[in-house]
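> Here is the input, now give the coordinates:
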Amino acid sequence: MKDSLGQQYINEAIYANAAGNKNTYLIQTDDFDHKGDKLHFNTSAQRLMGERMANKFMETFYKKKLNKCFQK
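All right, here's what the predicted structure looks like:
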């Protein structure tokens, strides 16, 4: 999905904040599908977000990667 100028501005602020805060971690979400409103993620995207967040936590604090949590 192509970012609007407003989305680009917000994303730049998020990246700048993360770069300046050692306790902030980011996950990729630009490949997620939305519910049709270009704002809210759909159910499968929300599950994938949880999986990526769990993996980021495990990588950061335990130096491990989880197995795929939500397999169809």
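> quick one, what contacts residue 57?
Contacts for residue 57 (C-beta atoms under 8 Å, 6 or more residues apart in numbering) come out as none. Using the backbone N, CA and C atoms, a C-beta is placed for each residue, glycine as well.
> quick one: low-confidence parts of the protein?
Residue ranges of the chain with pLDDT under 70: 1-3, 67-72.
> Kindly recompute the last result at 90.
Along the chain, the parts satisfying pLDDT under 90 run over 1-8, 30, 38-39, 62-72.
> Now the residue positioned nearest the centre of it: closest residue in space that isn't a chain neighbour?
Central residue of the chain (C-alpha atoms, centre = their mean): residue 27, 3.6 Å from the mean position. Excluding its sequence neighbours, the residue lying closest to residue 27 (C-beta to C-beta, 6 or more residues apart in numbering) is residue 52, at 4.1 Å.
> Give me the three-state assignment for residue 46.
Here residue 46 is recorded as helix under DSSP: H, G, I helix; E, B strand; the rest coil.
> before we move on, the earlier item: and the residue nearest to the centre of the chain, backbone torsions?
phi -120, psi 160 (degrees, to the nearest 10).
> Go ahead and confirm it touches residue 53.
Yes: in this structure, residue 27 is within contact of residue 53 by C-beta atoms under 8 Å, at 5.9 Å.
> circling back: name the residues of the one helix or strand the residue nearest to residue 27 maps to that are buried.
Residue 52 belongs to helix 43-62 when assigned by DSSP states H and E. Within helix 43-62, the residues scored as buried using 16 or more other C-beta atoms under 10 Å are 45, 48, 51, 52, 55, 56.
> ok, these vs residue 19, which is closest?
Taking C-beta to C-beta as the measure, residue 19 lies nearest residue 56 of the buried residues of helix 43-62, at 16.0 Å.
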